[in-house]
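Q: sequence plus predicted model, see below.
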Amino acid sequence: MCGIQFGAAFAPQVYPQVGAAGVVFLRLLIAGVLLCLLWRPRRQTLNSTKSAWGTVIGAGALLAAHHLAFYEAVKHIPLGAVATIEFLGPFAIALAGSRRAADLLPACLAAGGVLLLSGGGVPLDLGGLALAALTACCWAGYIRVSSRMARRLSGGQGLATLRWPAPPWPPRSWEPGSDALRT
């Protein structure tokens, strides 16, 4: 929770200098360093556990894509709309996992509330809506892949390791001579 709050406070400060890709890179890099200090990933465990590397890389890629799509979506449509659409991913996972018809009632009430609150709002850019939908898909995928990762790796090893595949290189905007580095 502290990491999410720190990232939310940190992102607006550096966004103008490094852009969406730079913010994602920094957030995941800092999280990777801190999590590796807490849970030192063991290469032997990762190598000996069936398909651990594939799961970790998949989770890291989904996390990075989620963050990048979120920041890009906010450039096109309001934050509230992006966050609402983003929650459709976990919402769909919860509904798909439900086995009772009674669970549909709260889902319908939630959908009705969203529709009531969104009535008469500003028109939304289709590109921004598509990016917000991508965040929902990435979050749903991350939930599925990270649950598999948690079953295969002990403690926080998977969580600490997945941060490394996510930011494999600094964004192109950080290349020497780029406008992002000029003040």
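A: Received it, and whenever you're ready, just let me know what you need.
Q: mind giving me the packing neighbours of the strand or helix carrying Ala94?
A: In the assignment (DSSP states H and E), Ala94 maps to helix 88-97. Contacts defined by 3 or more Cβ pairs under 8 Å, 6 or more residues apart in numbering; DSSP states H and E place helix 88-97 against helix 104-118, helix 126-152. Where C-beta positions appear, they are placed from N, C-alpha and C, glycine not excepted.
Q: quick check: mean pLDDT of it?
A: Averaged across helix 88-97, the pLDDT comes to 87.
Q: ok, now how distant is Ile77 from Gln13?
A: Applying Cβ to Cβ, to the nearest Å, the value for Ile77 to Gln13 is 22 Å.
Q: more neighbours, the two?
A: Higher neighbour count among Ile77 and Gln13: Ile77, with 20 against 9, using other Cβ atoms under 10 Å.
Q: pLDDT weak spots in this protein?
A: For the chain, applying pLDDT under 70 flags the ranges 1-8, 40-51, 117-121, 154-183.
Q: list the helices and strands the lengthiest helix in the chain packs on?
A: The helix that spans the most residues within the chain, counting by DSSP state H, is helix 2-38. Packing contacts for helix 2-38, counted by 3+ Cβ pairs under 8 Å, 6+ apart, involve helix 52-74, helix 157-162.
Q: quick one: buried residues of the first one?
A: Okay, so that is helix 52-74. 52, 55-74 (16 or more other Cβ atoms under 10 Å).
Q: kindly report the same for stretch 27-43.
A: Buried residues in stretch 27-43, counting neighbours by 16+ other Cβ under 10 Å, are found at Arg27, Leu28, Ile30, Ala31, Gly32, Leu35, Cys36, Trp39, Pro41.
Q: can I get those in JSON lines including distance to Ile143?
A: Formatted as JSON lines, these follow (distance: Cβ to Cβ, whole Å):
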{"residue": "Arg27", "distance to Ile143": "19"}
{"residue": "Leu28", "distance to Ile143": "18"}
{"residue": "Ile30", "distance to Ile143": "23"}
{"residue": "Ala31", "distance to Ile143": "18"}
{"residue": "Gly32", "distance to Ile143": "20"}
{"residue": "Leu35", "distance to Ile143": "18"}
{"residue": "Cys36", "distance to Ile143": "23"}
{"residue": "Trp39", "distance to Ile143": "20"}
{"residue": "Pro41", "distance to Ile143": "21"}
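Q: just give the closest residue to Leu88, not the sequence neighbours.
A: In space, and not counting its chain neighbours, Leu88 is closest to Ala136: 4.3 Å by Cβ to Cβ, 6 or more residues apart in numbering.
Q: burial count for the one you found?
A: Counted with other Cβ under 10 Å, the neighbours of Ala136 add up to 22.
Q: surely Arg27 meets His66?
A: No. The pair Arg27 / His66 is not scored as a contact, 11.3 Å apart, by Cβ atoms under 8 Å.
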